[in-house]
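J.: here's a sequence, model it:
(chains A and B)
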Amino acid sequence: MPKFAVVVFPGTNCDFETVEAIRRAGGEAERVWYKGKLKDFDGVVLPGGFSYADYLRAGAIAARQEIMEEVKELARDGKPVLGICNGFQILTESKLLPGALRPNKTPRFICRWVHLRVEDVGTAFTSLYEPGEVIRMPIAHAEGNYYTEDPGVRVVFRYSDGDGRVTEEANPNGSVFNIAGIANGRGNVLGIMPHPERASDRFLGSEDGLRLFRSMVEFARR
Amino acid sequence: MRWKVMVVVRLKEGLNDPEGRVIGKALKNLGYEVKDFKVPKCFEFELESQNPEKDVEEMCIKLLANPLIHTYEYEIEPAGE
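T.: Okay, the predicted model is just below:
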């Protein structure tokens, strides 16, 4: 059974929920304090939260910790590397993914359910979705405004309305091109601003996030 | 040798500064005619270095600024005593 590390920095949260979601998806998962090692794992997840209290820029200080060298090694080996919310911010700050996450357009912490359109089912995290499928997940962030100057960025999820229309009204934070999640060229590194672990059980309001973890577990099994 | 350093990091021209917008609006409500209000970040510190320009430039690129969205400038002067 593939085993995933869920990295915990000072200020990380959602780590227990992420471990639980991976287990529900059929994988093994373990929380790993950021001073730990990752070499025995088949993949790694950087969960949400406020690493180092979001001081300087969200994710900036976590991205410069030694453990990120090991995360980069896993990514180079083609293993799945997933960054959720603050994890996404850490992945861009460490240059594992292109672009940057800026404060929301309206300077306010936004916590609510959103719709996403699945744009790319060719990644390690989206094989169990349908192309163009509309799914629901919650967001909870103050700095989720994705910015890039690169038109070739690999977009995996966009904020949309319930019918899959990518409109300005459906964009909660001002992200360019309504981007909610991107991958690297190989598709084994994904950053996503919404929280799939908070949509991994029916009693939470949606199970749409569980397929992301299932896809990841299945990918790691191969 | 010891130096006094001040680094100012600004959002690139044209990028939205929501914090600046809100503070600018609050000042307007107080009756001041402010325009284009921005909130740069400022870092002040002392540095022991033989090559302070090189070190401060590196610090900006490696951590203090994100070159994709920021510009930065710095002043370096000998620290007193």
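
J.: mind checking how far residue A:176 is from chain B?
T.: Using CB to the nearest CB, to the nearest Å, we find residue A:176 at a distance of 11 Å from chain B. To be clear about C-beta, it is placed using only N, CA and C from the backbone, and glycine gets the same treatment.

J.: get me the contact residues on chain B for chain A.
T.: Residues of chain B lying near chain A by CB under 8 Å from any CB of the partner chain: B:15, B:16, B:18, B:19, B:21, B:22, B:62, B:63, B:64, B:66, B:68, B:69.

J.: how far out from the middle of the chain is the longest helix seen in chain B?
T.: In chain B, taking DSSP state H as the definition, the longest helix is helix B:18-29. Helix B:18-29 has its C-alpha centroid displaced from the chain centroid by 19 Å (CA atoms, centre = their mean, to the nearest Å).

J.: and if you look at stretch A:138-148?
T.: So, by CA atoms, centre = their mean, the centroid of stretch A:138-148 is 11 Å from its chain's centroid.

J.: in chain A, what residue lies closest to chain B?
T.: Going by CB to the nearest CB, chain B is nearest to residue A:107 of chain A, at 3.5 Å.

J.: what does the pLDDT read for that residue?
T.: pLDDT for residue A:107: 82.

J.: now residue B:81
T.: Reported pLDDT for residue B:81: 64.

J.: CA atoms only for the lowest-mean-pLDDT helix or strand in chain B, dumped as CSV, please.
T.: Here the helix or strand of chain B ranked lowest by mean pLDDT, DSSP states H and E is helix B:18-29, holding a mean of 93. C-alpha atoms of helix B:18-29 as CSV (Å, rounded to 0.1, in the frame of the first residue of the first chain):
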residue,chain,number,x,y,z
PRO,B,18,-5.7,45.4,-1.5
GLU,B,19,-4.2,46.5,1.8
GLY,B,20,-3.1,49.9,0.3
ARG,B,21,-6.6,50.3,-1.2
VAL,B,22,-8.3,49.8,2.2
ILE,B,23,-6.0,52.1,4.1
GLY,B,24,-6.2,54.7,1.3
LYS,B,25,-10.0,54.6,1.5
ALA,B,26,-9.9,55.0,5.3
LEU,B,27,-7.7,58.1,4.9
LYS,B,28,-10.1,59.5,2.3
ASN,B,29,-12.9,59.0,4.8
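
J.: would you mark the buried spots in the longest helix of chain B?
T.: Of the residues in helix B:18-29, B:18, B:20, B:21, B:23, B:24 count as buried by neighbour count, 16 or more other CB atoms under 10 Å in any protein chain shown.

J.: which of those residues sits closest to chain A?
T.: For the buried residues of helix B:18-29, the nearest to chain A is residue B:18 (3.5 Å; CB to the nearest CB).

J.: what's the farthest-apart pair in the residues of chain B next to chain A?
T.: B:22 and B:62 (30.2 Å; CB to CB).

J.: check contacts around residue A:120.
T.: Neighbour list for residue A:120: A:126, A:131, A:154, A:155, A:156, A:183, A:187 [criterion: CB atoms under 8 Å, 6 or more residues apart in numbering or on different chains].

J.: typo on my end, it should be residue B:66
T.: So residue B:66 contacts A:57, A:60, A:93, A:100 (CB under 8 Å, 6+ apart).

J.: ok, and of those, which contact chain B?
T.: Among these, chain B is touched by A:57, A:60, A:93, A:100 when using CB under 8 Å from any CB.

J.: now list the buried members of these.
T.: A:57, A:60, A:93, A:100.

J.: does the second one count as helix, strand or coil?
T.: Spelled out, that is residue A:60. Residue A:60 falls in the coil class when you classify it by DSSP: H, G, I helix; E, B strand; the rest coil.

J.: let me see the contact set for it.
T.: Contacts of residue A:60 (CB under 8 Å, 6+ apart): A:52, A:93, B:63, B:66.
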